[in-house]
Structures are given as structure tokens and as C-alpha cells.
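Engineer: Build the 3D model from these lines:
(one chain, ligands or ions: 1)
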Amino acid sequence: MTETPTHTLNDGHSIPAIGFGTYPLKGHEGRDAVHSALDNGYRLLDSATNYENEGVVGRALRDFLTESGVSRDAITVQSKLAGRHHGYESALQAGYESVTRLGLDRLDVLLIHWPNPIEDKYREAWRALVELQQRGLVRSIGVSNFTAEHLANIIEDSGVTPAINQIELHPYFNQASMRAEHQRLGILTESWSPLGKRSAPFDEPPVADAAAAHGVTPAQTILRWQVQIGSTPLPKSSTPSRQAENLDVFGFELTDAEVAAISSLTKADGRLFNGDPDTHQEM
Ligand code: NDP
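Structural biologist: Below you'll find the model as predicted:
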């Protein structure tokens with residue numbers, strides 16, 4: 001399998017160009033799935049306080065490091081601050097709690113999970129993440145589900161631009177304008193539900209045709225499309241063979257026409273659930 005390339009973030013650190021999504025993996029099965037993802041070669045793990053799995057993600061990672069001899073620095077561990085912890089002090093404490101649950105000395109990436117603009121405390125939460133980074137508890141800081149307006153507000157308030165914005169992004173919701181905004185601001189885009197989850201567009205002609213042309217699966221085609229549009233996909237699978245398949249997307253290249261055809265599947269209402277960050281809140 002071709003080695004996973006990396007992206008350099010706006011803070012100078014690097015991050016793998018594909019990662020492993022860990023929701024809703026938890027308990028013994030979750031530990032086994034995360035361990036198998038690491039065995040399969042994933043070097044970026046996406047967790048969150050609200051996934052209630054930081055414990056087993058950390059356990060799987062520590063076991064893997066001991067068994068494999070791979071260095072801790074080779075793995076990027078990412079978690080997310082829950083909405084109920086947006087107050088400044090609460091966010092600082094929650095950062096320490098996440099690192100402790102993971103059983104690590106530091107987090108590589110911490111994101112604000114949702115902006116929750118009705119609560120309107122995301123600026124405070126962002127200032128706390130800046131402080132956690134300054135204290136060395138977190139290496140890189142970013143956000144998730146932020147709109148252009150939320151991004152502008154935290155940048156204006158703190159003077160610090162997030163390194164990452166993790167957003168819903170799949171062929172039915174290709175987020176062209178958010179990707180352009182990220183490019184303008186120097187923010188890396190990460191894609192959640194990168195395959196489109198329940199409504200994965202595996203049978204759509206642009207996906208099926210490109211898959212046949214390159215002798216790969218529809219899932220690999222969609223993940224390769226993600227890579228070529230400049231986003232970092234975070235596919236989840238509890239199935240070891242699918243984990244390996246999803247990681248193996250760096251040995252072929254879609255044509256510009258194939259990328260454009262897959263991008264054209266996007267719909268105005270293509271969100272998987274009604275997760276509009278201006279109205280949807282998660283605590
Ligand atoms: P995905 O697009 O990753 O789809 C996961 C589904 O696709 C599972 O049912 C999985 O089944 C199936 N699947 C995976 N690989 C293949 C394959 N090669 N062929 C066929 N089916 C496949 O969606 P998720 O919603 O799980 O999102 C991924 C990650 O994004 C989450 O785990 C989480 O880390 C993150 N996320 C972040 C959010 C946020 O607000 N920031 C919101 C939602 C998700 P199986 O497991 O049985 O193989």
C-alpha cells in the first residue's frame with residue numbers, strides 16, 4: 001500500500017491526509033476496532049468527549065504502541081470539546097479531562113465540536129483552546145461545524161486562526177464555498193461522514209464509473225475524491241478489511257472530469273440530518 005501523505009497545518013505541525021473516524025465505536029468492540037485501524041496503518045484517530053470513547057481510543061493506542069514499537073509521535077490523536085463545556089474555565093478543565101481519559105501527556109489536536117451559536121459561548125471556548133495550546137497540553141487547535149461567520153468571529157476575538165475545521169462533507173454535500181473560505185484563511189478542511197454514511201452514493205454513475213475505470217471500490221473512489229478536492233476524510237469502519245480498503249487511496253488518481261462529475265452530485269439540501277450549524281446545537 002502507498003504511504004499516507006501528510007498536510008502541514010498553519011501552525012507548522014503536520015497531519016496525515018486521511019484519518020480514522022471512531023464514532024460510535026466504544027467498549028471492547030471499540031477498542032478492537034481502533035486497534036485494528038492502527039494495525040492497518042491509520043495514523044490519525046478522530047475521537048470526541050461526546051463519543052464516550054476517549055478511554056478505549058487511548059487504551060487501543062497505548063497497547064498498539066507497546067506491541068508495535070511505533071513511536072507516539074507517529075500518531076495524531078484528535079478529540080473534541082463538548083458543547084456543555086464552552087465556558088472558559090469549564091473548557092480548560094475539559095481539555096485536561098480529555099487528555100487524562102485518553103491516558104496521554106498531550107493531545108495532538110483539540111477541536112470545538114459544534115459552535116452552538118444560540119448559547120453563543122464559542123468565542124470563550126476558543127480562547128480556552130488557545131490557552132491550552134500555550135500551556136502545551138494541546139499541540140494544534142481547531143473547530144468543527146463552524147460557518148464562515150463563526151470563523152470570522154473567533155479570529156477577530158482572539159487573533160488566532162484555527163488550524164482545522166471539520167465539517168460535513170460528502171458527494172451529496174460538497175461544501176464548495178466553505179472549502180474556498182478555508183483556503184483563503186489557511187485552514188485545513190476535514191470531512192465527517194466522508195462516505196455519506198447511510199446514504200452513501202456508491203451506485204451513482206459518476207462514482208460507479210470512476211471505480212470501474214480505476215479498478216477500485218466505490219468507497220475508495222469517494223475517499224480519493226475527498227483527497228483530490230483537498231480535504232482530509234475520516235471514514236469509520238468496524239470491519240478490518242474495509243478499514244484497509246479505505247486507507248488504500250493513494251495509489252491511483254481520478255481525472256479532473258471524474259472529480260467534477262462526483263462533485264456535481266451535490267445538493268442544496270444534501271446534509272445527512274438537519275445539522276445546520278446555525279441552528280443545530282449539541283451539548
Ligand atoms: P462514514 O461516511 O465514515 O460512513 C460510515 C459507514 O460506512 C459505516 O456504516 C461503515 O460500516 C460503512 N463503510 C465504511 N467503509 C466502507 C466501505 N469500504 N464499503 C462499504 N461501507 C463502508 O460516516 P460516519 O458518520 O461514521 O463519519 C465518520 C467519522 O466522522 C465519525 O466516526 C466521526 O469520527 C466523524 N464525525 C464527526 C462529526 C462532527 O460533528 N464533527 C459528526 C459525524 C461524524 P462498517 O462500520 O460496518 O464497516
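Engineer: Please enumerate the strands of the stretch 101-250 of the chain.
Structural biologist: Assignment of strands within the stretch 101-250 of the chain using DSSP state E, counting those that start in this stretch yields the ranges 107-112, 138-144, 164-168, 188-192, 231-233.
Engineer: mind listing what the fourth one pairs with, with the direction of each?
Structural biologist: By that I understand strand 188-192. strand 164-168 (parallel), strand 231-233 (parallel) (DSSP bridges).
Engineer: got it, and the longest one?
Structural biologist: Here strand 138-144 has these sheet partners by DSSP bridges: strand 107-112 (parallel), strand 164-168 (parallel).
Engineer: Let me have the strands paired with strand 188-192 in CSV, extended by mean pLDDT.
Structural biologist: Supplementary listing: the strands paired with strand 188-192 in CSV, determined by pLDDT from 0 to 100:
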stretch, mean pLDDT
strand 164-168, 98
strand 231-233, 98
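Engineer: Looking at those strands, which is nearest to Pro115?
Structural biologist: Nearest of the strands paired with strand 188-192 to Pro115, taken as Cβ to Cβ: strand 164-168 at 10.3 Å. All C-beta spots, glycine's among them, are computed from the backbone N, C-alpha and C.
Engineer: Next, see if that closest one gets close to the ligand.
Structural biologist: Yes: Strand 164-168 comes into contact with the ligand (Cβ under 6 Å from any ligand atom), by way of Gln166.
Engineer: To Ala74, which of the strands paired with strand 188-192 lies closest?
Structural biologist: Closest approach to Ala74 among the strands paired with strand 188-192 (Cβ to Cβ): strand 231-233, 16.8 Å.
Engineer: Let me see the residues that make contact with the closest one.
Structural biologist: By Cβ atoms under 8 Å, 6 or more residues apart in numbering, the residues outside strand 231-233 that reach it are 7, 15-19, 44, 169, 179, 188-191, 194-195, 223, 226-227.
Engineer: among these, which are within reach of the ligand?
Structural biologist: Pro194, Leu195.
Engineer: what about the helices in this structure?
Structural biologist: 27-40, 54-68, 88-102, 122-134, 148-158, 176-185, 205-214, 218-228, 240-247, 256-263 (DSSP state H).
Engineer: coming back round to it: which of the contacts of strand 231-233 count as buried?
Structural biologist: 7, 15-19, 44, 169, 179, 188-191, 194-195, 223, 226-227 (16 or more other Cβ atoms under 10 Å).
Engineer: is the closest residue to the ligand within the chain in a bridge, and if so with what?
Structural biologist: Using Cβ to the nearest ligand atom, the single residue of the chain nearest to the ligand is Gly21, 2.4 Å away. Beta-bridge partners recorded for Gly21 (DSSP bridges): Asp46.
Engineer: Quick check: it vs Val70, distance?
Structural biologist: Distance, Gly21 to Val70, using Cβ to Cβ, to the nearest Å: 20 Å.
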